[in-house]
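>>> have a look at this prediction, sequence included:
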Amino acid sequence: ARPAEESQWKTYANSKKIAWKTGTSSGNRDAWAIGVTAKYTVGVWVGNGEGNGNKEIKSNTTSAPLLFDLFNSLPNSSWPAFPYDELEEVTVCKNSGYLAGPNCEDTKISYRPKNSPLGSCCPYCHIVTLTPDLKFSAGVRDMVGKYAGQMPVAKKWFVLPPSVEYWYTKHTLGYREIPPELSPEDPSNARDSALRSLSIVFPERGANIVIPVEIDGKKGAAVMLVAERNKECTVYWDIDGDYLGSTTGTHQMACTPTTGKHVLTVWDSAGRRDSISFTVVDSGD
Ligand SMILES: [Zn+2]
């Protein structure tokens, strides 16, 4: 089918008061489309009797256009009535849509089916402590120099996992990245404990490291190491703003930074972040 056909049924679907969902099974064995209005329920299945896969069996190009052809031949209808009796109000995080937790600043009322599982609280909102000008993440120990005599302020902050943040900021205005740490090399840095359960083990904060030269004369690699309490999490690596890659399970990353000072930053898929600076010193040969 041509792409034009797909955009046609989508335009039609979005102009009508039809609640719909499509799906294609793995291996292209089934293509489904289900639609509901106040008056009609239409279901379409496309496949073959043997259950064999066929790359042409895709809901976008088969069951979905057929579903809306069928609705087109039916009288216009309205949205299904809002089933208030079967719903109850819940307060959700305005940013994430999860049930609001104690650290969610912006919340709104939403609805959930009364007997459905409650779901989990927003994992993305944290309390962070910042310099009074809100420019840096900082703790009490950072209140020196221009901040001497002041206290850090606590703020509720919505922190997305970095891979999500990357896309979210492309499509959503107003997302505020968590301010950088004032002193990332300070071992007692100010992060909330939820943010600190990810920590860089090697290099140590502020360390001078030597990268050995291999037998063949080429510069070797430093193997960096991160501890992550949540074993399900993916860890994302960055040196001086350059993305290195991601790790799961055991979090080790080989790299060959140049001589001089560097900042290593890691995030995990729960939005936790750790950052340190270290210096690569010449091995002297
Ligand atoms: Zn939240």
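Cool, got the structure.
>>> from the ion, how far out is Asp240?
In this view, Asp240 and the ion are 31 Å apart by C-beta to the ion, to the nearest Å. (Glycine included, C-beta is placed from N, CA and C.)
>>> domain-wise, how is the protein divided?
The record's domain parsing of the chain by automatic domain parsing lists 3-73, 84-122, 127-281.
>>> a markdown table for those, including mean neighbour count and mean pLDDT?
Below are the domains of the chain laid out as a markdown table (neighbours: other C-beta atoms under 10 Å; pLDDT from 0 to 100):
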| stretch | mean neighbour count | mean pLDDT |
| --- | --- | --- |
| domain 3-73 | 15 | 89 |
| domain 84-122 | 14 | 93 |
| domain 127-281 | 16 | 82 |
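>>> for the closest residue to Pro203 other than its chain neighbours, phi and psi?
Excluding its sequence neighbours, the residue lying closest to Pro203 (C-beta to C-beta, 6 or more residues apart in numbering) is Phe278, at 4.0 Å. When read as degrees, to the nearest 10, the backbone of Phe278 gives phi -150, psi 170.
>>> repeat that for Lys170.
Torsion angles at Lys170 (phi, psi; degrees, to the nearest 10) stand at phi -70, psi -30.
>>> can you name the residues of the stretch 101-250 of the chain that neighbour the ion?
104, 122, 125 (C-beta under 5 Å from the ion).
>>> can you give me the helices for the stretch 51-200 of the chain?
For the stretch 51-200 of the chain, the helices defined by DSSP state H, counting those that start in this stretch cover 63-73, 162-171, 193-196.
>>> which strands or helices does the first one pack on?
The elements that helix 63-73 packs onto, with contact taken as 3 or more C-beta pairs under 8 Å, 6 or more residues apart in numbering; DSSP states H and E, are helix 3-15, strand 19-24, strand 31-36, strand 41-46.
>>> what does the second one rub up against?
The list of residues contacting strand 19-24 from outside it, by C-beta atoms under 8 Å, 6 or more residues apart in numbering, reads 13, 30-37, 57-60, 63-64, 67, 79-80.
>>> related to what we said a few turns ago, Gly260 is nearest to which of the helices and strands packed on helix 63-73?
Closest approach to Gly260 among these is made by helix 3-15 (50.5 Å; C-beta to C-beta).
>>> just the C-alpha atoms of the closest one, please, in CSV.
Taking Å, rounded to 0.1, in the frame of the first residue of the first chain, the C-alpha atoms of helix 3-15 are listed here in CSV:
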residue,chain,number,x,y,z
PRO,A,3,1.9,5.9,2.3
ALA,A,4,-0.8,8.2,1.0
GLU,A,5,-3.4,5.6,1.8
GLU,A,6,-2.1,5.4,5.4
SER,A,7,-2.3,9.2,5.9
GLN,A,8,-5.8,9.1,4.4
TRP,A,9,-7.3,6.7,7.0
LYS,A,10,-5.4,8.5,9.8
THR,A,11,-6.9,11.8,8.7
TYR,A,12,-10.3,10.2,8.6
ALA,A,13,-9.9,8.5,11.9
ASN,A,14,-8.9,11.7,13.6
SER,A,15,-11.8,13.6,12.2
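>>> and the angle for it with strand 31-36?
20 degrees (axes from the mean of the first three to the mean of the last three C-alpha atoms, to 10 degrees).
>>> show me the beta-bridge partners of the residue nearest to Ile109 when sequence neighbours are not counted.
Once flanking residues are discounted, Ile109 sits nearest to Glu89: 5.3 Å by C-beta to C-beta, 6+ apart. Note on Glu89: beta-bridge partners by DSSP bridges are Tyr111.
>>> can you check Gly43 too?
Applying DSSP bridges, one finds that Gly43 bridges with Ile34.
>>> ok, now which ones touch it?
Applying C-beta under 8 Å, 6+ apart, we find Gly43 in contact with 32-35.
>>> and the gap between it and Ser25?
Plainly put, Gly43 is 15 Å away from Ser25 if you go by C-beta to C-beta, to the nearest Å.
>>> does Leu198 touch Val266 like I think?
Yes. Shown here, Leu198 and Val266 form a contact pair, counting by C-beta atoms under 8 Å, at 6.5 Å.
>>> what do those two both touch?
Shared contacts of Leu198 and Val266, counting by C-beta under 8 Å, 6+ apart, come down to 226, 235, 273-274.
>>> quick one: which two of these are the most distant?
Within the shared contacts of Leu198 and Val266, two members stand farthest from each other by C-beta to C-beta: Val226 and Arg273, at 11.1 Å.
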